[in-house]
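show me the folded form of this:
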Amino acid sequence: MKLFPKLTPVSAALLVILCILVIWGATYPLALSLPENTFKEPLNSSYNVLNVLFTALAFGGVIITLIFQAQQASQARLEAVERSILEMFQILTSAEFQATKNAAYRVLIAAIRNRDYGEYVASKLFAVEQLPYPSTDAVRQTLCELDPEKQAAVDEQAFEYLERHDRLKLDDMMNFFSMLAQRQSSKSIVSHVDFAYDWWRPAL
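The predicted structure is shown next:
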């Protein structure tokens, strides 16, 4: 059972200060009630003795404050992780993210199936030595098998627009993973939210 579970650092500090004031205020009448022969200087001696007590109480107040601050920091970290998991769940279940994920899937699967297209996609990730689009029947057939919209494209320009759209969504997914890796709670997010991470890693 925790001691004073409802006390905040401010209320704990006020309680310590109140106790010090009560003890300090009771010292003077206590010193007057003592026999004169008890101490040569009863009042000064009593206050000198209590100075040590007050110092100890002040130190104890600091320790209590540090304990409460550590508890609050731990609670804040836990709340931050839970908030990150909730935010990530809301993102992953949104229709926009699902569309982005599906488009990135189509690019990766096509890159795995067709070597020429895979090398082209990999080259587009760098600023130099980018390969031209492999406009071969095999590449087009692979892309059309994975996306009915590309299969129904009326002309080559519409087809290239759909293919470029999917590659841009793959960039968005890679940026998403980069931002996720920067979060301190990334491990907890990956373990609590299922977005096929085990599939993405070898595919990338």
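
flag every buried residue along stretch 105-124.
Within stretch 105-124, the residues that count as buried by 16 or more other Cβ atoms under 10 Å are 105-108, 110-111, 113-114, 116-118, 120-121, 124. For glycine as for every other residue, the C-beta is placed from the backbone atoms N, C-alpha and C.

pick the one among those closest to residue 147.
Residue 147 lies nearest to residue 106 out of the buried residues of stretch 105-124, by Cβ to Cβ, at 5.4 Å.

so which of the buried residues of stretch 105-124 are in strands?
Among these, DSSP state E puts none in strands.

pLDDT weak spots in this structure?
Scanning the chain for pLDDT under 70 picks out 1-13, 16, 24-25, 27-28, 30-50, 52-53, 56, 183-201, 204.

can you name the two of the buried residues of stretch 105-124 that are farthest apart?
105 and 116 (19.3 Å).

summarise which helices and strands the lengthiest helix in the chain is packed against.
Longest helix in the chain, counting residues (DSSP state H): helix 42-92. In terms of contacts (3 or more Cβ pairs under 8 Å, 6 or more residues apart in numbering; DSSP states H and E), helix 42-92 is packed against helix 9-33, helix 186-192.

and the contacts of stretch 152-166?
Identification of contacts with stretch 152-166 by Cβ atoms under 8 Å, 6 or more residues apart in numbering yields 103, 104, 106, 107, 133, 140, 143, 147, 149, 150.

give me that answer again for 6 Å
Contacting residues not belonging to stretch 152-166 are listed as 103, 106, 107, 149, 150 [Cβ atoms under 6 Å, 6 or more residues apart in numbering].

helix, strand, or coil at residue 133?
coil (DSSP: H, G, I helix; E, B strand; the rest coil).

find the nearest non-adjacent residue to it, please.
residue 120 (6.2 Å; Cβ to Cβ, 6 or more residues apart in numbering).

can you give me the neighbour number for residue 175?
Neighbour count for residue 175, taken as other Cβ atoms under 10 Å: 10.

element containing it?
According to DSSP states H and E, residue 175 maps onto helix 156-182.

that helix to helix 42-92, inter-axis angle?
For helix 156-182 against helix 42-92, the angle by axes from the mean of the first three to the mean of the last three Cα atoms, to 10 degrees is 160 degrees.

can you report how many residues lie near residue 153?
Neighbours of residue 153 (other Cβ under 10 Å): 18.

checking it next. Helix, strand or coil?
Secondary structure state of residue 153, per three-state DSSP, is coil.

report the buried residues of stretch 63-72.
Buried residues in stretch 63-72 (16+ other Cβ under 10 Å): 64, 68.

for stretch 122-131, same thing?
residue 124.

likewise stretch 134-151?
139, 140, 142, 143, 144, 146, 147, 150.
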